[in-house]
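> Structure for this input, please:
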Amino acid sequence: MRSKIILLIILIGVFAIKVNGKAQNEAVSVQEKIINKEAEDDNFIHAYLLLISEGKPWYSTCGHAAIRLVCPSKSLDYCFTFEMDMQESSYLDVVKRKAKGGFTSVPSTTYIKEYQKEGRGITSYELNLRPKEKQNLWKVLDKECTKGATWTFDITTVNCLSMSLYAINKAVEPAEIKFKKLPRVVYDTLDEWIDYNTYQSPWVRIGIHIILYGVEDKQTRPEDLLTPKMMKAVMPHTIISEENGTYRPFAKNNPQSLTRQIYKNSPCWLTPFKVLMLGIFICALIIIFTCNVFRSVEQPKTIRNIQT
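Predicted coordinates for the structure are as follows:
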């Protein structure tokens with residue numbers, strides 16, 4: 001009798017667990033449907049491309065770019081930025097073009113305040129993406145952040161802007177980003193491109209020339225040479241091209257200024273040319289001094305020889 005009672009209790013427990021599990025699954029299913037329905041709204045996620053002006057560090061001469069994703073209903077607001085990992089790489093790795101880089105996510109308020117402290121301007125462009133594409137973009141960036149610094153950083157092809165555009169391209173596939181008009185300088189030689197971007201920073205110019213030494217012009221596509229500094233002028237001419245031949249603007253409405261540009265890049269008075277001239281002058285003084293010393297040493301010997 002006791003065994004029958006125990007068996008009955010077990011059966012009731014199993015039935016209760018199944019009923020409870022089914023109810024939980026139905027609740028989760030309903031919740032997912034609500035979230036999916038909510039995500040279909042164009043305002044569920046807002047995606048922005050941030051273009052940041054140049055700053056004092058040498059690596060910020062061409063500016064910076066990042067992607068900002070905001071989900072107001074879930075109180076989520078993050079900036080996804082592609083950076084060099086200087087804990088895993090050294091400046092020598094940068095010169096050798098072996099430095100590692102990857103995406104990291106930072107709360108937008110923290111990210112924007114940092115650039116505000118540096119006096120750098122941030123211009124925000126809301127991207128003209130469909131709800132599903134914005135969800136895809138968040139997934140792509142989350143995945144990249146999880147991977148860490150696995151990319152080999154390259155000034156021309158793997159940088160903050162090119163990787164931001166790469167992530168957006170992955171999100172809108174099979175559509176793709178296209179540029180109807182590009183600056184003339186991206187069609188020039190790499191040397192001319194370097195000089196254009198670093199005309200106020202002669203020491204940075206020399207450094208980038210060293211880093212890109214041996215890289216042929218044909219190894220890069222014109223769009224690879226876009227910099228955040230150039231992208232502002234290119235944004236009105238940028239589109240998302242669909243498979244069926246139609247297209248839409250890359251960005252919505254007018255850009256918004258998040259921080260004012262205060263920092264001004266003043267040309268360094270000590271230019272490489274002045275250092276070269278100073279070096280030549282010092283070498284000339286050393287040669288003149290050395291010649292005078294030798295003359296003063298040899299002259300007594302000549303006198304003694306005459307007296308003998």
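
> which residues of this structure fall in strands?
46-52, 64-71, 76-84, 100-107, 122-126, 151-152, 176-179, 238-241, 247-249, 256-259 (DSSP state E).

> out of those strands, which comes closest to I280?
Closest approach to I280 among these (C-beta to C-beta): strand 76-84, 35.9 Å. No exception for glycine: its C-beta is placed from N, CA and C like everyone else's.

> who does that closest one touch, helix- and strand-wise?
Helices and strands touching strand 76-84, by 3 or more C-beta pairs under 8 Å, 6 or more residues apart in numbering; DSSP states H and E, are strand 64-71, strand 100-107, helix 108-117, helix 131-147, helix 160-172.

> hmm, 6 Å instead?
Counting by 3 or more C-beta pairs under 6 Å, 6 or more residues apart in numbering; DSSP states H and E, the packing neighbours recorded for strand 76-84 are strand 64-71, strand 100-107, helix 108-117.

> How about V172, nearest residue that isn't a chain neighbour?
Spatial nearest neighbour of V172, excluding adjacent residues (C-beta to C-beta, 6 or more residues apart in numbering): E133 at 5.1 Å.

> er, C71 I mean
Excluding the flanking residues, the one nearest C71 by C-beta to C-beta, 6+ apart is I45, at 5.2 Å.

> now swap in N253 and tell me
Closest residue to N253 apart from its sequence neighbours, by C-beta to C-beta, 6+ apart: E126 at 6.4 Å.

> what's the spacing between that neighbour and F82?
Distance of E126 to F82, computed by C-beta to C-beta, to the nearest Å: 20 Å.

> More neighbours: those two, which one.
Comparing E126 with F82 by neighbour count (other C-beta atoms under 10 Å), the higher total belongs to F82, at 26 against 17.

> what about the nearest residue to that one once chain neighbours are set aside, neighbour count?
Nearest residue to F82, sequence neighbours excluded (C-beta to C-beta, 6+ apart): M163, at 4.1 Å. Close neighbours of M163, defined as other C-beta under 10 Å, add up to 24.

> Based on its surroundings, how many neighbours for E38?
The tally of other residues near E38 (other C-beta under 10 Å) stands at 14.

> how about it, what does it touch?
F44 (C-beta atoms under 6 Å, 6 or more residues apart in numbering).

> can the strands of the chain go into JSON lines with extra columns for mean pLDDT and distance to L190?
Output for those, formatted as JSON lines (pLDDT from 0 to 100; distance: least, C-beta to C-beta, whole Å):
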{"stretch": "strand 46-52", "mean pLDDT": "97", "distance to L190": "23"}
{"stretch": "strand 64-71", "mean pLDDT": "96", "distance to L190": "20"}
{"stretch": "strand 76-84", "mean pLDDT": "95", "distance to L190": "20"}
{"stretch": "strand 100-107", "mean pLDDT": "94", "distance to L190": "20"}
{"stretch": "strand 122-126", "mean pLDDT": "97", "distance to L190": "27"}
{"stretch": "strand 151-152", "mean pLDDT": "92", "distance to L190": "18"}
{"stretch": "strand 176-179", "mean pLDDT": "95", "distance to L190": "19"}
{"stretch": "strand 238-241", "mean pLDDT": "96", "distance to L190": "23"}
{"stretch": "strand 247-249", "mean pLDDT": "95", "distance to L190": "30"}
{"stretch": "strand 256-259", "mean pLDDT": "94", "distance to L190": "32"}
